[in-house]
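Asker: Below is the structure, and that's it, no one-letter string:
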Ligand SMILES: O=C(O)c1cc(C(=O)O)oc(=O)c1
């Protein structure tokens, strides 16, 4: 049995989260969360850049029920590399309440892709954050994108705002729906109308296949306040950025907890208070329903969705 030692300074997920004051709409989807191991059952990948604490499917499902979500989209965490077994196991044992986003290599066979589909996988993740992964050649990624397009899947991309100009041509050549993790990680200490965030808005405006997760204020915030100790107005500096995206692109946004919050250095948020962040960025019931129910259902459970994907 492998015995993994956590990366020094690792912050474990918050236990005993508060009950959100914001009541999630019926059928709400936590569209970005992860499982970590448990390491002795699903070992972390040798090429990983961090070693987390365990965060099991049972713990994820308990959080889902506590917060009031109906479903999860479990995104392959980089600490598991391209071994999707922990995520797949979570999807398969969720009773249809979880779908997944995988990491795959060019060497994956069509049969393996079909097996992932049967398990509930509906997308692949391409990661460009250098502290998390080694570089994968673009031709390999394009080849994968072409293959998963045939399954009706989409591509999830994770990158930092400063890298968008250099990645623009590649991103805009992707043939599928493209979902950006955490709004492309804007530097929220820069002006919302400055060139960096405007480029991101232009990316979404000019490409109707591009969606964004308006998640991770706890990662993006510079001035807080933190979602701890009952704080109802957490991460105020992130609100204008996320709200701009929700209001301009209400049909192409998703929200997720990002539990168990890999690699946070400063604090671990109370996930109940993170849910209370949602009405600050999606202030009307209609925006909340689109963000939390209609959009994720259209992308991950199209067969149950009342709208076409
Ligand atoms: O910013 C991060 O460290 C981070 C890492 C991962 C992962 O390791 O998969 O996923 C995320 O959504 C965010």
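Answerer: The structure has been received and is ready for your questions. None of these values were measured; they are calculated from a predicted model.
Asker: which phi and psi does the closest residue to the ligand within the stretch 201-309 of the chain have?
Answerer: Closest residue of the stretch 201-309 of the chain to the ligand, C-beta to the nearest ligand atom: residue 263 (3.5 Å). (C-beta placed from N, C-alpha, C; glycine too.) Backbone torsions for residue 263, taken as degrees, to the nearest 10, come to phi 70, psi 20.
Asker: ok, it - contacts?
Answerer: Residue 263 makes contacts with 50, 131, as judged by C-beta atoms under 8 Å, 6 or more residues apart in numbering.
Asker: Tell me how far it lies from residue 34.
Answerer: Noted for residue 263: a distance of 11 Å to residue 34, by C-beta to C-beta, to the nearest Å.
Asker: Using the three-state scheme, assign the most centrally placed residue in the chain.
Answerer: Closest to where the C-alpha atoms of the chain average out (C-alpha atoms, centre = their mean) is residue 32, at 3.3 Å. The three-state label given to residue 32 by DSSP: H, G, I helix; E, B strand; the rest coil is strand.
Asker: ok, it to the ligand distance?
Answerer: Plainly put, residue 32 is 7 Å away from the ligand if you go by C-beta to the nearest ligand atom, to the nearest Å.
Asker: Can you name the residues of this structure that neighbour the ligand?
Answerer: Counting by C-beta under 6 Å from any ligand atom, the chain comes close to the ligand at 77, 78, 79, 132, 181, 219, 258, 262, 263.
Asker: And the strands in the stretch 101-250 of the chain?
Answerer: Using DSSP state E, counting those that start in this stretch, the strands found in the stretch 101-250 of the chain span residues 121-127, 154-158, 178-180, 210-213.
Asker: Next, the angle from the second one to strand 121-127.
Answerer: Relative orientation of strand 154-158 and strand 121-127, computed by axes from the mean of the first three to the mean of the last three C-alpha atoms, to 10 degrees: 30 degrees.
Asker: List of residues touching strand 154-158?
Answerer: Residues contacting strand 154-158 (C-beta under 8 Å, 6+ apart): 75, 101, 122-129, 132, 145, 148, 167, 171, 174, 176-182, 299.
Asker: Can you tell me the closest non-neighbouring residue to the residue nearest to the centre of the chain?
Answerer: residue 256 (2.6 Å; C-beta to C-beta, 6 or more residues apart in numbering).
Asker: First-to-last residue distance for stretch 270-278?
Answerer: Its start and end residues considered, stretch 270-278 measures 14 Å (C-alpha to C-alpha, to the nearest Å).
Asker: er, stretch 74-91 actually
Answerer: 8 Å.
Asker: Show me which residues of it are buried.
Answerer: 74-81, 83-84, 86-91 (16 or more other C-beta atoms under 10 Å).
Asker: cool, and stretch 208-220?
Answerer: 210, 211, 212, 213, 214, 215, 216, 217, 218, 219, 220.
Asker: ok, now how distant is the closest residue to the ligand within the stretch 101-250 of the chain from residue 49?
Answerer: Proximity of the stretch 101-250 of the chain to the ligand (C-beta to the nearest ligand atom) peaks at residue 132, 5.2 Å away. Distance, residue 132 to residue 49, using C-beta to C-beta: 6 Å.
Asker: Okay then, goodbye and thanks.
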